[in-house]
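> predicted model and sequence below, questions to follow.
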Amino acid sequence: MRLLQKLATVMLLGSCAFATDVAILQNGFSIRHEHREVVGSVTRLYTTADNSAFVDIPSSDIDHFERDLTPTAVSAPAPIAPPAPNVPKAPAIAITKAKPLDAKALNEVINSISDRHQIDPDLINSVIHAESGFNSHAVSPKGARGLMQLMPQTANQLGVNNSFDPKDNVEGGTRYLRELLEQYNFDIVKALAAYNAGPQRVQQYHGVPPYYETRAYIARIIREFNKKKLAEKKAAAAKAPAVKSVKKPVAKPGAAAVTSESIAPTAAQQSIR
């Protein structure tokens, strides 16, 4: 009987790696997870032991894995995931006209704002793509508005007078994203989860809420951001093939370091810009 139990344990560990580990991505970000498994071309990182929350990352975007030596506090098991909150549709609103920006002008706005808040412009672009598809007059069924889909209450708190003005919207959305990154100790996964589902949901579930929409949202942004960083790395290598490739930092010198609850004390810290 003991032999059968041991064999079952070995088979289980062979199909899915257990223990608290850190996935180090190609762009320098890292994601703490309880265990993982390979599903086709992606690696599924389970952020809770009961599999109620996970993030799918293309396996090619993962550089390596490390053991997480960070002490963790014992927390209550995550509750069974309820359906996503049923929020009534917002009433029709009048869209305030704002001067549209072409791709070049919008790119200049994003670069300027990224410098001010020390966030990689590629990350801002990836969030905008996921939120609105670069439609500055987008309005969600819940009432979120503009490029970075700011809720009216959030826009008011951020001092955004016109959510349909690209400059105001990106300024407010980027500042909000920066605040969330600082709130979660620069854990990019938790910050994106809070941006999508709200900080109260992240607090309720002690991490990524078990909503398919939120999980897909996080995976899409990380996948797109990784793709951009890898493309930049290849382009730089092609221009200077004789020069030894050096990983480009995602932050300016002096910017706040991107850590996360998933970064072990021995892991190299990267920054958002």
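Arrived safely. Fair warning: this is a prediction, and the values are worked out from it, not measured in the lab.

> low-confidence stretches in the stretch 1-150 of the chain?
1-19, 27-28, 69-100 (pLDDT under 70).

> let's see that with 90 instead.
1-36, 39-102 (pLDDT under 90).

> tell me where it has helices.
2-15, 103-117, 121-132 (DSSP state H, counting those that start in this stretch).

> mind listing what's buried along whichever helix or strand comes after the last one?
Towards the C-terminus, the helix or strand next in line after helix 121-132, according to DSSP states H and E, is helix 152-158. Residues of helix 152-158 classed as buried by neighbour count (16 or more other C-beta atoms under 10 Å): T154, A155, L158. The way it works is simple: take the backbone N, C-alpha and C, and place the C-beta from them, glycine included.

> residue contacts, S59?
Going by C-beta atoms under 8 Å, 6 or more residues apart in numbering, S59 touches V38, S41, V42, T43.

> and the first one, how many neighbours?
It stands for V38. For V38, the count of nearby residues is 12 (other C-beta atoms under 10 Å).

> what of the one 4 residues further on?
Counted with other C-beta under 10 Å, the burial measure for V42 works out to 18 neighbours.

> distance of the nearest residue to it once chain neighbours are set aside from L180?
Excluding the flanking residues, the one nearest V42 by C-beta to C-beta, 6 or more residues apart in numbering is D56, at 4.5 Å. Distance of D56 to L180, computed by C-beta to C-beta, to the nearest Å: 21 Å.

> equivalent analysis for N125, please.
Distance, N125 to L180, using C-beta to C-beta: 17 Å.

> swap in N169?
Distance, N169 to L180, by C-beta to C-beta: 16 Å.

> neighbour count winner among those two?
N169 (28 against 20).

> can you point out the buried residues in the helix or strand encompassing that one?
Taking DSSP H and E as the definition, one finds N169 inside helix 166-183. Buried residues in helix 166-183, defined by neighbour count with 16+ other C-beta under 10 Å: 166-181.

> which helix in this structure runs the most residues?
As assigned by DSSP state H, the longest helix anywhere in the chain is helix 212-239.

> average pLDDT across it?
Averaging pLDDT along helix 212-239 gives 93.

> can you give me the angle it makes with helix 121-132?
Relative orientation of helix 212-239 versus helix 121-132 (axes from the mean of the first three to the mean of the last three C-alpha atoms, to 10 degrees): 150 degrees.

> so which bits of helix 212-239 are buried?
214-215, 217-222, 224-229, 233.

> and those residues, which is closest to Y205?
For the buried residues of helix 212-239, the minimum distance to Y205 (C-beta to C-beta) is 9.8 Å, reached by T214.
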